[in-house]
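Trainee: could you look at this predicted model? Sequence included:
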Amino acid sequence: MFIANTYLNDGLLHFVRNDKHCFEWLRFFRIFALSSLAVAIMISPVMAEAWKPAKAEFKTKDGQVLKAYFQAPKGNKLTLVMLHGLTASKEEWLPLAEAAVKVGYGVFAYDARGHGESSLSKDAHGTPNGFQYFGPPGRGSPWERMIDDLGGAIWFLENQKKINRASVILAGASLGANVALNYASLTRSLKAVILLSPGLDYQKITTEGAIQQVGEIPVLIVASPGDKYAYASSVRLKSLSPRATFWSNVKPGHGVQMFDEDLLARIIQWLNQPK
């Protein structure tokens, strides 16, 4: 029987025939392989960081306390500020948060007013429901104040965590995408914006004007063709901002429901590109 054994000698890999000592060789190979794997894991940048956020909170202009998670960036990496969709919470961003911190990005994800831990009320089942009492959307409403709230989050990062706004990337899903885009159009000093399933109008927070006011900020738009309103809205936003990147070859779903390993990897790759 022929068995090809492998051993390391002076940094070179050799192959030899050796029936007599096959069992000794297999034992050596197993030890060598496991040792090499251990070294690879220790030096792999993908394994360098784990998602271990600290709890944080900040106050809005009208005095509401919004709850958040924060994990600082490593070195000169950027920080993602994540805004969830209607009825959701900051936890929906967990897949991207975990992927981002593994390669050194910072993450700040917060519960919008009326949602999650930031909600001032809950229903009979204990589910946060503060947003149900916001009343009609429009100028001056709690819905519109979500844009100001994002400004409060950026102020908190700058003043409490020493994160420069020029190193911040906004990532919004559904309603959060509209909020993120509107804030970006007002400040124009952010690094980039990621929009998952934006709409032309969610709760009277519109986007056609905002997409034309973001200046040179890179914008990534992601929408599934099966999500008809978000997809049609995204096509329109892309037409108004030819510089924006638009992906539609994604898993069916709305907002973070589109996440799978492929999309997460593509987003990280996009983040890594020079901005």
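Mentor: Alright, I've got the coordinates.
Trainee: surely Ile147 is within a strand?
Mentor: No. Following the definition DSSP: H, G, I helix; E, B strand; the rest coil, Ile147 is helix and is not counted among the residues of a strand.
Trainee: ranges for the helices of the stretch 101-250 of the chain?
Mentor: Ranges of helices in the stretch 101-250 of the chain, per DSSP state H, counting those that start in this stretch, are 142-160, 175-187, 208-211, 228-240.
Trainee: make a markdown table from those helices and add mean neighbour count to it.
Mentor: All C-beta atoms are positioned from the backbone trio N, CA, C, and that covers glycine. A markdown table is the format used below for the helices of the stretch 101-250 of the chain (neighbours: other Cβ atoms under 10 Å):
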| stretch | mean neighbour count |
| --- | --- |
| helix 142-160 | 19 |
| helix 175-187 | 25 |
| helix 208-211 | 18 |
| helix 228-240 | 18 |
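Trainee: buried set for stretch 196-211?
Mentor: Using 16 or more other Cβ atoms under 10 Å as the test for burial, stretch 196-211 gives 196-200, 202-203, 205, 207, 210-211.
Trainee: need the residue closest to the centroid of the chain.
Mentor: Geometric centre of the chain, nearest residue: Leu96, 4.2 Å, by Cα atoms, centre = their mean.
Trainee: so who does that residue touch?
Mentor: By Cβ atoms under 8 Å, 6 or more residues apart in numbering, the residues touching Leu96 are 80, 82, 171, 256, 259, 264, 267.
Trainee: about what we covered before: how about the helices of the stretch 101-250 of the chain in TSV, adding mean pLDDT and distance to Gln273?
Mentor: What follows is the helices of the stretch 101-250 of the chain, written out as TSV (pLDDT from 0 to 100; distance: least, Cβ to Cβ, whole Å):
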stretch	mean pLDDT	distance to Gln273
helix 142-160	97	23
helix 175-187	97	18
helix 208-211	98	20
helix 228-240	98	18
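Trainee: make TSV out of those helices and add distance to Lys251.
Mentor: As requested, the helices of the stretch 101-250 of the chain are exported to TSV (distance: least, Cβ to Cβ, whole Å):
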stretch	distance to Lys251
helix 142-160	27
helix 175-187	17
helix 208-211	24
helix 228-240	13
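Trainee: for these, which one sits closest to Ala50?
Mentor: Closest to Ala50 of the helices of the stretch 101-250 of the chain is helix 142-160 (Cβ to Cβ; 21.2 Å).
Trainee: any idea how far Ser189 is from the residue nearest to the centre of the chain?
Mentor: Using Cβ to Cβ, to the nearest Å, one gets 23 Å for the distance from Leu96 to Ser189.
Trainee: do Met146 as well
Mentor: 19 Å.
Trainee: now do the strands in the chain.
Mentor: Along the chain, counting by DSSP state E, strands occupy 4-9, 12-17, 54-59, 65-71, 79-83, 106-110, 168-173, 192-196, 201-202, 205-206, 219-222, 245-247.
Trainee: list the buried ones in the last one?
Mentor: Along strand 245-247, the positions that meet the burial threshold by neighbour count (16+ other Cβ under 10 Å) are 246-247.
Trainee: same thing with the fifth one?
Mentor: Counting neighbours by 16+ other Cβ under 10 Å, one finds that the buried residues in strand 79-83 are 79-83.
Trainee: parallel or antiparallel, list what pairs with it.
Mentor: Here strand 79-83 is paired, per DSSP bridges, with strand 106-110 (parallel), strand 168-173 (parallel).
Trainee: could you pull up the mean pLDDT of the shortest one?
Mentor: Okay, so that is strand 106-110. Mean pLDDT, strand 106-110: 98.
Trainee: what's the angle from it to strand 54-59?
Mentor: Here the directions of strand 106-110 and strand 54-59 differ by 50 degrees (axes from the mean of the first three to the mean of the last three Cα atoms, to 10 degrees).
Trainee: contacts for strand 106-110, please.
Mentor: Identification of contacts with strand 106-110 by Cβ under 8 Å, 6+ apart yields 51, 53, 56, 58, 66-74, 77-84, 90, 93, 97, 100-101, 118, 153, 157, 161, 163.
Trainee: equivalent analysis for the last one, please.
Mentor: Contacts made with strand 168-173 from outside it, assessed by Cβ under 8 Å, 6+ apart, are listed as 78-85, 88, 92-93, 96, 150, 154, 157, 178-181, 183-184, 190-198, 255-256, 271.
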